[in-house]
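Engineer: could you look at this predicted model? Sequence included:
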Amino acid sequence: MLEKMLYNMCLSMGMAIQEENPFGCGVYLCGDGTRTRGYFWYLVHEKYFVITKCDFIFLEDIVLKMQDKLCYIALRLDYGRHLPPGKVIAFFEEQGNPTSTVMHPGNKIAYTEVMYAPIFYKKHFGTAFTSAVPEPLTILKNMGADHNWSLEMMNALAEIQKSNLLGMAAELYYVAKAYELMSALIDMGSDRILENSADAADILRVIEYINSHYTDKIKQSSLVHIANMSPTKLKKLFKQFTGHTITEYILLKKADQAVHLLSDSALSIEEISKRLGFETVAGFSTSFKKQLGIPPSKYRKQIQIKCFENPSSTQLFRFS
C-alpha cells in the first residue's frame with residue numbers, strides 16, 4: 001500500500017517513470033516541468049518498508065492526498081527547509097485517517113525517508129528477535145513532540161542520501177541502512193523512555209506547557225509546579241526524556257519557529273526576534289546561529305528558493 005500511495009502521489013504531481021534510472025534500482029520519476037520539476041525515487045523492500053529520496057519544486061498549486069486506511073511510521077531527514085546536518089522528523093499514522101494538504105508554487109521538497117509498514121515491526125519485534133523491546137510506535141509516542149534525535153539516526157539517513165552506489169550494491173546498502181535506522185531508534189528509545197509512567201505523564205505536561213509558552217519568560221517554579229516534583233528531579237527526567245536541558249529545549253523551539261518565520265513570512269529579523277521573546281536582535285542571532293550554524297540573515301538568503309516569482313525560470317539545486 002505504501003508503494004501505491006507514493007506512485008499515486010507522484011502522478012498527481014505530474015511526475016512520470018523514467019526509463020533511464022540514475023540509481024540503477026527502485027523507481028525513478030521526474031516532474032513534467034509544468035506542475036513540478038525535479039525527481040522522486042523510491043525503493044520497495046518486500047512489504048516491510050519503502051526508502052525514498054527526492055528533490056523537487058512545485059510550479060503550481062497541487063493538492064496532495066494520503067489515502068484512507070494507510071498506516072505507517074516514517075523517519076525523514078529534511079533538506080528542503082533546513083540546512084545540513086538537517087533535521088530528523090518522525091511521522092506516524094496508526095489510524096489510517098485520510099489527509100490532504102495544498103502545496104503552492106515555489107515550495108521546495110527535498111528529503112530522504114524510510115517508511116515502515118506495520119507488518120515490519122509487528123513481525124520483527126514480535127517473533128524475529130529474542131530480545132523483548134517496545135514497538136517503534138510506542139517509542140515515538142513516549143518520546144514527546146520534540147527531542148534530540150541521535151547522531152546515528154541522522155547519519156543513517158544522510159548516508160542513504162549521499163550514496164553513489166548503483167544497482168544491486170545500492171539496493172543491499174539501502175536496505176541495510178533502513179535496518180540500521182530502526183536499530184538506532186530502538187537504542188535511543190530504550191535510553192529515553194521513563195520506567196515510571198506517572199513520571200512520563202508529568203514530563204509530557206511540562207513539555208506541552210513549554211510548547212505553548214516558549215515565547216514567554218518561563219519560570220522554573222512554574223514548571224516545578226506543573227511537574228509536581230523537585231527541581232532536581234525535574235531537570236534529570238527532562239534531560240532523560242528529551243535529550244536536552246530545559247533551557248536548550250526552549251531555545252530549540254525558538255529556533256525552529258524562527259526557521260518557519262524566516263521561510264514563510266515577510267517579517268523583519270527584528271520583528272521575528274521580538275515575536276520569539278528575545279530582548280535583543282543580537283541575542284536572537286547568537287541563539288539562532290548556535291542551533292543552525294549560520295545567522296538568521298544568511299539563512300533567509302539561502303532559502304529564497306521558496307520565494308520565486310517565476311519558479312519555471314530557475315534551476316533546481318540540492319544541498320550537499
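Structural biologist: Looks like it came in fine.

Engineer: could you count how many residues lie near the closest residue to residue 62 other than its chain neighbours?
Structural biologist: Once flanking residues are discounted, residue 62 sits nearest to residue 103: 5.0 Å by C-beta to C-beta, 6 or more residues apart in numbering. The C-beta positions use only the backbone N, C-alpha and C, and glycine is treated the same way. Using other C-beta atoms under 10 Å, residue 103 has 17 other residues around it.

Engineer: could you do residue 268 as well?
Structural biologist: Around residue 268 there are 10 residues (other C-beta under 10 Å).

Engineer: quick one on the thing from earlier: and the pLDDT for the residue nearest to residue 62?
Structural biologist: On the pLDDT scale, residue 103 is placed at 81.

Engineer: what does residue 232 give?
Structural biologist: 94.

Engineer: what's the distance between it and residue 239?
Structural biologist: 11 Å (C-beta to C-beta, to the nearest Å).

Engineer: the residue nearest to residue 62 against residue 59, yeah?
Structural biologist: No: counting by C-beta atoms under 8 Å, residue 103 sits too far from residue 59 to count as a contact (10.1 Å).

Engineer: which neighbouring elements make contact with the helix or strand hosting residue 226?
Structural biologist: Using DSSP states H and E, residue 226 maps to helix 220-227. Contact partners of helix 220-227 among helices and strands, from 3 or more C-beta pairs under 8 Å, 6 or more residues apart in numbering; DSSP states H and E: helix 197-213, helix 231-242.

Engineer: where in the protein is pLDDT low?
Structural biologist: 66-70, 80-87, 91-99, 124-150, 189-197, 264, 302-320 (pLDDT under 70).

Engineer: can we see that at 50?
Structural biologist: For the chain, the stretches with pLDDT under 50 are 83-85, 145-146, 305-320.

Engineer: residues contacting the one residue sitting closest to the centre of it?
Structural biologist: The structure's the chain has its C-alpha centroid closest to residue 89; by C-alpha atoms, centre = their mean the separation is 1.8 Å. The neighbours of residue 89, taking C-beta atoms under 8 Å, 6 or more residues apart in numbering as the test, are 75-78.

Engineer: report the angle between the helix holding residue 226 and helix 231-242.
Structural biologist: For helix 220-227 against helix 231-242, the angle by axes from the mean of the first three to the mean of the last three C-alpha atoms, to 10 degrees is 70 degrees.

Engineer: which strands and helices sit next to the helix or strand hosting residue 75?
Structural biologist: Secondary structure from DSSP H and E places residue 75 in strand 72-78. If contacts are counted by 3+ C-beta pairs under 8 Å, 6+ apart, strand 72-78 sits against strand 87-93, strand 108-116, helix 136-142, helix 151-162.

Engineer: what's the angle from it to strand 108-116?
Structural biologist: Using the same axes, to 10 degrees: strand 72-78 against strand 108-116 is 140 degrees.

Engineer: list the pairing partners of strand 72-78 within its sheet, with orientation.
Structural biologist: In the sheet, strand 72-78 lines up against strand 87-93 (antiparallel), strand 108-116 (antiparallel) (DSSP bridges).

Engineer: only C-alpha atoms, please: export whichever helix or strand comes after the last one in PDB.
Structural biologist: What it means is strand 108-116. Downstream of strand 108-116, the first helix or strand assigned by DSSP H and E is helix 118-123. Once non-C-alpha atoms are left out, helix 118-123 reads as follows in PDB (Å, rounded to 0.1, in the frame of the first residue of the first chain):
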ATOM      1  CA  PRO A 118       3.100  -2.100  10.400                       C
ATOM      2  CA  ILE A 119       3.900  -5.600   9.200                       C
ATOM      3  CA  PHE A 120       7.600  -4.700   9.700                       C
ATOM      4  CA  TYR A 121       7.600  -4.000  13.400                       C
ATOM      5  CA  LYS A 122       4.800  -6.500  14.200                       C
ATOM      6  CA  LYS A 123       6.800  -9.300  12.700                       C
END
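
Engineer: now do the SS call for residue 101.
Structural biologist: strand (DSSP: H, G, I helix; E, B strand; the rest coil).

Engineer: neighbours of the closest residue to it other than its chain neighbours, how many?
Structural biologist: Nearest residue to residue 101, sequence neighbours excluded (C-beta to C-beta, 6+ apart): residue 64, at 5.5 Å. Neighbour count of residue 64, defined by other C-beta under 10 Å: 14.

Engineer: was I right to think residue 278 contacts residue 288?
Structural biologist: No: assessed by C-beta under 8 Å, residue 278 is found out of contact with residue 288, at 9.3 Å.
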